[in-house]
Each structure stands twice: as structure tokens, then as C-alpha cells.
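Trainee: turn this into a model:
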Amino acid sequence: MRELPYGKAALSMLVLAVLSGAWIYSHPPTEEKATLRLWVFANTHYNAYKAALPAFEREHPGVKVDMQLVAGTAVTSRLLAAFWADLDVPDLVETEISSAGMFFRGPLKDIGFVDLTDRVRDSGLWDRMVRARFSPYMSRGRIFGLPHDVHPVMLAYRRDIFEKEGVDVSKIQTWDDFVRVGRMLTIPNKRYMLEMTDTDSSLFEYLLFQRGGGYFDPKGHCIFDNDICVDTMCWYVPLVAGPGKIGNSLGGGQILTKAVEDGYILCLVAPDWRTKFFELDIPRVAGKMALMPLPAFTPGGRRTSTWGGTMIGITKRSRHKDLAWELAKFLYVEKTQVSPRFRESNILPAAKDTWDDPAFNEPRPYWSNQRIGRLYAEVAPDVPYQYTSPFIITAKVKLGEALVECVLYYKKHGNHGFRPFVKRALKKSADEVRKLIERNPY
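Mentor: Numbers count the residues shown, from 1 in each chain. Next comes the predicted model:
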């Protein structure tokens, strides 16, 4: 008998492969299909929802939720492409506030998200949630997303240094008061009062919102060259670029950590979500930090603003829209879910009736034992409205360009002719946005 060319071992492996393949073919795995699919872009949301979803599935026997963590830029590009090409999409999607307007192009009937206006009003959420937080997720008066958060802004400050310098923050009621203290505490190249930047609009826009300004009006008209923005720019630039500047920025990461630890920057812009980053990234100043409301631009005026945000929307291609709506409410307004989540994220939910939970009254050692949940809840009802557009990202870039031009002019010429220059720079940038809107019907 001739020997097998590759030996008995090879033959045994071949037989096992054939038999196992036949068994697998005759016993296909049972595919567990999800009832709902959800895309999220933030790790913190993903981890929180991962812990919450089993409770939702228990309340809805037979329902399976498949959640995927997708990068923010991928959410926008993939979902837009899928909407336009009429391809398969998830049932629910979380979208960052700066990208939400991208989905509101064209006629209302062509928007890929379900119009939630009637559901919001019929369910009582219009009254239960902070109304201003719906505005970034609206188009032509219709609501296309539920707000995840409020993100009110306060100022985080080095309490120990303020007390050492004899500063009583309760007497800082207006920005005039703040600037006066800032000029006293600022030491050029050694210490600055406030985190400010002269290279983009990221630390400018919260001040613009506080004054009632913005990028667009409710009808989508570009407005960041109006008098409110001109006044804000004329006030802001000398504080970050003039000889008496009190503001500076060193970016983020370890450089910012070092700047706060060394007292190089005394006050930081602190939307609720950012306080958690401070706790994690700057642990050495624990117990030395505290929060105060934003100073008002006029006596008795608004003492907060807003920075950042997230919406959840239901896609029109979802086959389970009612169930998707129930999941959105469960994640966003169910007290048993959102209140304990505050302890992990410091993010104030948009549902006002959740704020009476004990979680919001707990003293925080990092923040000098302040009850930060209560502090944010007190200013949250006054957060300003902000309106969006499919061209919001372009508008942010153009406003940043105008800021840089104004800074360069002020450094060279000072106040001489400054306001007329600001008006021209803002109008030029806003006109570029308006031209882009005019030649893009969708």
C-alpha cells in the first residue's frame, strides 16, 4: 500500500476539517438581531448607557438594543451620506451640537430625522425640559432632537489665591467688577486672571451667547456682524491683546494643568461637563478650586451662558419609532437614570424635575465642598438660546478669522479706528457665510 503523500496526520486533519465544516453548515448559529440600534459618539455616554440599557430591556421583554460607539466626525459624514443615498441607518443617533445643523438642509420633508415637535409637546417635555436647549436642534420651528444636557457656564477659580489676595467673589457682580479685580491680580507673563484666546472663537462665543447674540437667528439668517457681536468683540480683544490684558490661554492638556497648578491662570471657563475634566486632569488643586456665576454684562443681567451639547434623534427609516421614542426618554429624562449619572459626569440633565434628586445637593471636596449640582441648577434656567444652521461650522471658522484680524489690528493700532475696523471685519466674514448660503439651495 502506497504511503499517503503528506502522512496520516495531514489526513486526520483533513477529515476533521470536513466533518466540522459539515456540522457547522448543518447547525448555523442563531443570529441575535437587535430591535433598536443606537449610535453614540462620546465614551462617557457609551459607558453610562451600557449600564442603563439592561433595565430598559427588562421593561420591554424581547427588545434588544445594539449600541455602537462611533467617532463624532464619522457620525456626521456616515449619517449624512446614508440619509442622502437612502441607505440603512440606525434607529437613534446622538449628535454633537456643532454638527446638528448639518442634518437640517433642504425642505423639511427631506430631513432624515423624525419631527419630534408633537411628541415633545404631547408628552409634556416642552415644559419639563429647559426650553432654550431645544433651539439648537430646531429648524423652521420644528424640533428634530431631544437635548441631553443644559451645559450652563460658570467660572472655576483658584479660591486659595483669591482669599490670599483678599478678593471677595460675592462682590464680583458684573464684568466691570471682574476686570477691575483682574487688573489687580494679573502680573504680565506670570499670572493672568482669565482663560481667553486670541486665535479662535471657542472662548469668545460663550460671551456672545451670554449677551444674547449668536451666529444665526431663528430663521437661519447669519447675524454675527450685528451690534451685539461688535460690542462683544470691542470689549473682548483689549482684554486678551492689549497692554492691560488680563486673559491668556495655553491650550489644553498638560500645559493647562501646569498653568492652573502654578496659578498662571486663575479663572477657567467652566461649563458643567468641563468640571469633571478639571477633577481628573488637575487633581493637585483639589480643595483649592471653587465655582462662581459668570459676571453679568449689566447689573442684574444674565449670569450664565452655555458651551457644548448633545441631542438624540430618531431616524425616519427606523421601523420602531414609538419604541425608539421610549428609549430616548428613558435615557434622557428618567430620573432613576439621569440623576445618578450626574455623580459620574457632572452634566446637568435638561429635565428640570430631575434636579431635586440628592445627587445634585452633595458637597464636592474638589470644589471646596460646594454643592456644584445646586449651583448649576440655579443658573440653568437662564441659559441663552442659540440657533443653528447647516453652515454653523463655517460660521464658527469665519468668526474665528475675524477675531484674529481684530487682534492683529488692535496690537498695531490700539483703540484708534478700532470699532469701525471690527464692524468691517465681522461684516466681511458674515457676508462670506451669507454668500455660501445663497449659492447652496440645500
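
Trainee: okay, now Phe216: neighbour count?
Mentor: 20 (other CB atoms under 10 Å). Where you see a C-beta, it was placed from the backbone N, CA and C, and this is true even at glycine.

Trainee: pLDDT value on it, please?
Mentor: Phe216 is assigned 97 on the pLDDT scale.

Trainee: same check, this time on Gly7
Mentor: For Gly7, pLDDT reads 56.

Trainee: same deal with the one 3 residues further on?
Mentor: You'll see Ala10 listed with a pLDDT of 52.

Trainee: could you pull out the helices for the stretch 1-150 of the chain?
Mentor: Here the stretch 1-150 of the chain has its helices, by DSSP state H, counting those that start in this stretch, at 7-26, 43-59, 72-85, 97-100, 117-123, 125-128.

Trainee: show residues contacting the second one.
Mentor: Spelled out, it's helix 43-59. 38, 40, 63-65, 67, 69, 94, 148, 310, 327, 330-331, 336-337, 341, 344-345 (CB atoms under 8 Å, 6 or more residues apart in numbering).

Trainee: equivalent analysis for the fourth one, please.
Mentor: Outside of helix 97-100, the residues within contact range by CB under 8 Å, 6+ apart are 72, 75-76, 136-137, 144-145, 308-311, 388, 392-393, 396.

Trainee: could you identify the most distant pair in those residues?
Mentor: Largest separation among the contacts of helix 97-100 by CB to CB: Phe144 and Lys396, giving 20.3 Å.

Trainee: of the two, which one has the most company?
Mentor: More crowded of Phe144 and Lys396, by other CB under 10 Å: Phe144, with 23 against 18.

Trainee: look up how far Asn47 lies from that one.
Mentor: The gap separating Phe144 from Asn47 is 26 Å, by CB to CB, to the nearest Å.

Trainee: repeat that for Ile97.
Mentor: From Ile97 to Asn47 the distance is 21 Å (CB to CB).

Trainee: neighbour count: the two, which is higher?
Mentor: Comparing Ile97 with Asn47 by other CB under 10 Å, the one with more neighbours is Ile97, at 23 against 14.

Trainee: so who does Thr174 touch?
Mentor: Applying CB under 8 Å, 6+ apart, the residues near Thr174 are 295-299, 301.

Trainee: drop anything exposed from the contacts of helix 43-59.
Mentor: 38, 40, 63, 65, 67, 94, 148, 310, 327, 330-331, 337, 341, 345 (16 or more other CB atoms under 10 Å).

Trainee: save those as TSV, and put in distance to Lys412 and pLDDT too.
Mentor: Rendered in TSV, the data for the buried ones among the contacts of helix 43-59 read as follows (distance: CB to CB, whole Å; pLDDT from 0 to 100):
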residue	distance to Lys412	pLDDT
Leu38	52	96
Val40	47	95
Val63	64	96
Val65	58	97
Met67	53	96
Glu94	45	96
His148	44	97
Thr310	41	96
Leu327	56	98
Phe330	56	97
Leu331	52	96
Gln337	54	89
Arg341	49	90
Ser345	44	93
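
Trainee: now do the strands in the chain.
Mentor: Secondary structure of the chain (DSSP state E): strands located at 36-40, 65-69, 92-96, 138-139, 142-143, 146-147, 153-158, 192-195, 247-248, 265-271, 289-293, 310-314.

Trainee: can I get these in JSON lines including distance to Thr117?
Mentor: As requested, the strands of the chain are arranged in JSON lines below (distance: least, CB to CB, whole Å):
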{"stretch": "strand 36-40", "distance to Thr117": "22"}
{"stretch": "strand 65-69", "distance to Thr117": "25"}
{"stretch": "strand 92-96", "distance to Thr117": "17"}
{"stretch": "strand 138-139", "distance to Thr117": "8"}
{"stretch": "strand 142-143", "distance to Thr117": "5"}
{"stretch": "strand 146-147", "distance to Thr117": "11"}
{"stretch": "strand 153-158", "distance to Thr117": "28"}
{"stretch": "strand 192-195", "distance to Thr117": "38"}
{"stretch": "strand 247-248", "distance to Thr117": "41"}
{"stretch": "strand 265-271", "distance to Thr117": "27"}
{"stretch": "strand 289-293", "distance to Thr117": "33"}
{"stretch": "strand 310-314", "distance to Thr117": "12"}
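
Trainee: and of these, who's closest to Arg364?
Mentor: If you check each of those against Arg364 by CB to CB, strand 289-293 wins as the nearest, at 9.4 Å.

Trainee: identify each buried residue in stretch 217-234, please.
Mentor: 220, 222-226, 229-234.

Trainee: now it - C-alpha only, PDB.
Mentor: Extracted C-alpha coordinates of stretch 217-234, given in PDB (Å, rounded to 0.1, in the frame of the first residue of the first chain):
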ATOM      1  CA  ASP A 217     -31.200  83.900  14.200                       C
ATOM      2  CA  PRO A 218     -34.200  81.500  14.500                       C
ATOM      3  CA  LYS A 219     -34.800  81.800  10.700                       C
ATOM      4  CA  GLY A 220     -31.300  80.800   9.900                       C
ATOM      5  CA  HIS A 221     -30.000  84.300   8.900                       C
ATOM      6  CA  CYS A 222     -26.300  84.900   9.700                       C
ATOM      7  CA  ILE A 223     -26.100  87.600  12.400                       C
ATOM      8  CA  PHE A 224     -22.700  87.600  13.900                       C
ATOM      9  CA  ASP A 225     -21.900  91.000  12.500                       C
ATOM     10  CA  ASN A 226     -24.700  92.800  14.400                       C
ATOM     11  CA  ASP A 227     -24.200  95.400  17.100                       C
ATOM     12  CA  ILE A 228     -24.200  92.700  19.900                       C
ATOM     13  CA  CYS A 229     -21.200  90.900  18.300                       C
ATOM     14  CA  VAL A 230     -19.400  94.200  17.500                       C
ATOM     15  CA  ASP A 231     -19.800  95.300  21.100                       C
ATOM     16  CA  THR A 232     -18.600  92.000  22.400                       C
ATOM     17  CA  MET A 233     -15.600  92.000  20.100                       C
ATOM     18  CA  CYS A 234     -14.600  95.500  21.100                       C
END
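
Trainee: all set now, cheers.
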